[in-house]
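**Q** What shape does this take:
(2 chains)
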Amino acid sequence: MLDGWPAGVSDRGGAGSSLLGRICAACVRSVPVTGAAVSLMTGAGHRATVHASDGVVAQLADLDSELGEGPTLDAFRGRQSVLVPDLGDLGAGAGARWPAFAPAAQAAGARALFAFPLQLGAAELGVLLLYCDRAATLDAAQHARALRLAGAAFLALLDLLSGSATTSGDGDLNGHRMGENGAFSRAEVYQAAGMVMAHLGVSIEEATVRLHGYAFANGRPLIDVARDIVGRTLRLDDDNDEQQSGMEERP
Amino acid sequence: MTESTRSRERRLAETFVALTDTLVADFDVADLFHDLAGACVELLEVTAAGLMLVDVSGRLRVMSSSSERSRLLELMEIQNDEGPCLDCHREGAPVLVADLATQRARWPSFTDEAIRVGFRAVYALPMRLRSDTIGALNLFHREPGSITEATLRIGQALADVATIAILQQRAVDAREELSQQLQTALNSRVIIEQAKGVLAERQQTDMSTAFNLLRGHARSTNQQLSEVARAVVTGELGADQLRASQRPNTTPTG
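**A** Down below sits the predicted model:
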């Protein structure tokens, strides 16, 4: 799991977080929901809200870690979507599952909650939390839209962590990242992340971030870097990697 | 009835019994897709086979391939957004090409590449679920020629097994949306690739040996392939533990 860098990541004005801002806005507009937030999570339970579209969802995202229970934590730990159409169902549903969280979330102004883990294979970076101020369910098309935006949020978070967020902040949700998404669907990219993990003795999350950061810092397509790693003509070393991915000291 | 027909029918029956058993028991969808690609090559007497699934963005992704050649061709097809497997998925109907040399105008880059790597015929069969097409089974043959009606029916039955497997994965709740079920299946494939990388580096071996280590361990400990893969990637399962429990005579596929 990620350790040691979340504090520097909640740069709300930064380019990557503005892309996350646009992803959250897209959730509100097109899923649609009342509000959306993206949290960065670590295995140690550390959590930082990288973007929240309104004060209510910021509060909801904080509640999980304050109370030690809730949909964000469940989505992260269970590695699957958590859908709560009605928090008011206190007896058998959300109330039984989260006795402290459910009433607190309602008091904050939420009625329906949907949490999606931001993951790629076993690499899990955070959670996308959506809420509605009234009871609501997601139909098939809405659910697919939310999953798609969760995929975009994963990539935006990866950009932010690897120091490869576009400086202009105008990254296109469907263009800028999705071109790379083609490369992302290649087996070599995942295999290379696994190799970097074993070689450097880091988590798969950190290995994914380093791989991505290396490709960006060297101006090379991700798939080419991945192929070199799998072909054993390239090894990411601690030195060159930290320097080039800008992970320790982000510009 | 010739001897070879009889033996093919026996193998066919055995494969379907095995697949049915798999679907009833606790199975791993990525593992099953891998087996299906291999079964297609054997039963349908084609040169290569691959399965693609659609992701939440509506893009096809390669889920399994019987050979590296067919995998690269399928990837290229996705990249260029042109080819019979994509058309099959878009139209939700089989696309049968007896001779690729006649289809240059329709798919120029796919055709050239397919012929270059040694395929002359392509048969793409849809994975259909109610009104949705969730992927395609792609069959490649080195010789030009039409697919027989009987082979087509068996191929479609195998594609249908793959579709059912998506709905029956243990990792997903039956009430979940289809898009979630597809995503879970695609993600389990990603975990397996990550784990292959971890093992290849730790053991200084190639990806196909790494895959066999994973699969050998999953089979001998009666666990799902993607569970074993996840344990490797999260560090819960060390490479040394894996090797110790590997069966001596694991089938060399991967």
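**Q** for the stretch 51-200 of chain A, what are the low-confidence residue spans?
**A** A:90-92, A:165-185 (pLDDT under 70).
**Q** burial count for A:D224?
**A** Other residues near A:D224 come to 14 when the count uses other C-beta atoms under 10 Å in any protein chain shown. Any C-beta I mention is one placed from the backbone N, CA and C, and that applies to glycine too.
**Q** Tell me who's in contact with it.
**A** A:A215 (C-beta atoms under 8 Å, 6 or more residues apart in numbering or on different chains).
**Q** Against B:E193, how distant is it?
**A** Distance, A:D224 to B:E193, by C-beta to C-beta, to the nearest Å: 17 Å.
**Q** Kindly report the same for B:C85.
**A** To B:E193, B:C85 is 21 Å away according to C-beta to C-beta.
**Q** more neighbours, the two?
**A** Per other C-beta under 10 Å, whichever of B:C85 and B:E193 has more neighbours is B:C85, with 29 against 24.
**Q** wait, B:D31 sits on B:L214?
**A** No: the criterion here is C-beta atoms under 8 Å, and B:D31 misses it with B:L214 at 9.5 Å.
**Q** okay, and the common contacts of these two?
**A** Joint contacts of B:D31 and B:L214 (C-beta under 8 Å, 6+ apart) are B:L225.
**Q** mind checking which helix or strand the residue of chain A found nearest chain B is in?
**A** Residue of chain A nearest chain B, by C-beta to the nearest C-beta: A:G194 (2.3 Å). Per DSSP states H and E: A:G194 is located in helix A:187-200.
**Q** so after that helix, what's the next helix or strand?
**A** The helix or strand immediately downstream of helix A:187-200 is helix A:204-217, counting by DSSP H and E.
**Q** how about that following helix as PDB, C-alpha atoms only?
**A** Below are the C-alpha coordinates for helix A:204-217, written out as PDB (Å, rounded to 0.1, in the frame of the first residue of the first chain):
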ATOM      1  CA  ILE A 204       2.100  -2.700  -6.300                       C
ATOM      2  CA  GLU A 205       0.600   0.800  -5.800                       C
ATOM      3  CA  GLU A 206       4.000   2.400  -5.500                       C
ATOM      4  CA  ALA A 207       5.400   0.300  -8.400                       C
ATOM      5  CA  THR A 208       2.500   1.400 -10.600                       C
ATOM      6  CA  VAL A 209       3.200   5.000  -9.700                       C
ATOM      7  CA  ARG A 210       6.900   4.700 -10.400                       C
ATOM      8  CA  LEU A 211       6.400   3.000 -13.700                       C
ATOM      9  CA  HIS A 212       4.000   5.700 -14.800                       C
ATOM     10  CA  GLY A 213       6.300   8.500 -13.400                       C
ATOM     11  CA  TYR A 214       9.300   7.100 -15.200                       C
ATOM     12  CA  ALA A 215       7.500   6.900 -18.500                       C
ATOM     13  CA  PHE A 216       6.300  10.500 -18.100                       C
ATOM     14  CA  ALA A 217       9.600  11.900 -16.900                       C
END
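**Q** how about the residues of chain B that lie near chain A?
**A** The interface of chain B toward chain A, taken as C-beta under 8 Å from any C-beta of the partner chain, is made up of B:55-57, B:59, B:61-62, B:71, B:75, B:78-79, B:172, B:176-180, B:183-184, B:187, B:190-191, B:193-202, B:207, B:229-230, B:233-235.
**Q** ok, 7 Å please
**A** Selection of chain B residues close to chain A by C-beta under 7 Å from any C-beta of the partner chain yields B:56-57, B:61, B:75, B:79, B:177-180, B:183, B:187, B:190-191, B:193-198, B:200-202, B:207, B:230, B:233-234.
**Q** In strands only, show me those.
**A** If you go by DSSP state E, the residues of chain B next to chain A have B:R61 in strands.
**Q** Name the nearest residue to A:V225, sequence neighbours excluded.
**A** Closest residue to A:V225 apart from its sequence neighbours, by C-beta to C-beta, 6 or more residues apart in numbering or on different chains: A:A215 at 4.4 Å.
**Q** got any ranges where the stretch 101-250 of chain B has weak pLDDT?
**A** Per-residue confidence for the stretch 101-250 of chain B (pLDDT under 70) gives these ranges: B:170-175, B:243-250.
**Q** so where do the strands sit in it?
**A** In the stretch 101-250 of chain B, the strands defined using DSSP state E, counting those that start in this stretch lie at B:121-129, B:132-141.
**Q** Buried deepest among those strands, which one?
**A** Of all the strands of the stretch 101-250 of chain B, strand B:132-141 has the most neighbours on average by mean count of other C-beta atoms under 10 Å in any protein chain shown, namely a mean of 26.
**Q** elements contacting that strand?
**A** strand B:48-54, helix B:84-91, strand B:121-129, helix B:149-168, helix B:178-203 (3 or more C-beta pairs under 7 Å, 6 or more residues apart in numbering or on different chains; DSSP states H and E).
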